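Colleague: quick one, structure for this:
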Amino acid sequence: MVWLNEDECLNHGVNTMLVVNISSMKISVIVLIVSGISMVIISLSFVK
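Modeller: Here you go, the predicted model:
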């Protein structure tokens, strides 16, 4: 990649950081949901 100026490079870095943060947030949310569901299943199996 060839940058025309420093500002363009900086903007690209900020955009990349935002994308990474959003994707990592999505992953953590999915992990929370999955762990919550598995906890419910485990507790239900113990009740039986």
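Colleague: got the contact list for stretch 37-47?
Modeller: Around stretch 37-47, nothing counts as a contact under C-beta atoms under 8 Å, 6 or more residues apart in numbering. For glycine as for every other residue, the C-beta is placed from the backbone atoms N, C-alpha and C.
Colleague: so how far is that stretch off the chain centroid?
Modeller: Relative to its chain's centre, stretch 37-47 lies at 26 Å (C-alpha atoms, centre = their mean, to the nearest Å).
Colleague: quick one: mean pLDDT for it?
Modeller: Averaging pLDDT along stretch 37-47 gives 92.
Colleague: buried residues, that stretch. List them.
Modeller: Buried residues in stretch 37-47, counted by 16 or more other C-beta atoms under 10 Å: none are found.
Colleague: and that stretch, C-alpha only, in PDB?
Modeller: In PDB, the C-alpha atoms belonging to stretch 37-47 read as follows (Å, rounded to 0.1, in the frame of the first residue of the first chain):
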ATOM      1  CA  ILE A  37     -26.800 -21.500  27.100                       C
ATOM      2  CA  SER A  38     -24.400 -24.300  28.200                       C
ATOM      3  CA  MET A  39     -24.700 -23.300  31.800                       C
ATOM      4  CA  VAL A  40     -28.500 -23.500  31.500                       C
ATOM      5  CA  ILE A  41     -28.300 -27.000  29.800                       C
ATOM      6  CA  ILE A  42     -25.900 -28.200  32.600                       C
ATOM      7  CA  SER A  43     -28.200 -27.000  35.400                       C
ATOM      8  CA  LEU A  44     -31.200 -28.500  33.700                       C
ATOM      9  CA  SER A  45     -29.400 -31.900  33.400                       C
ATOM     10  CA  PHE A  46     -28.500 -31.700  37.100                       C
ATOM     11  CA  VAL A  47     -32.100 -31.000  38.000                       C
END
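Colleague: number of residues surrounding Leu18?
Modeller: Leu18 has 10 neighbours, counted by other C-beta atoms under 10 Å.
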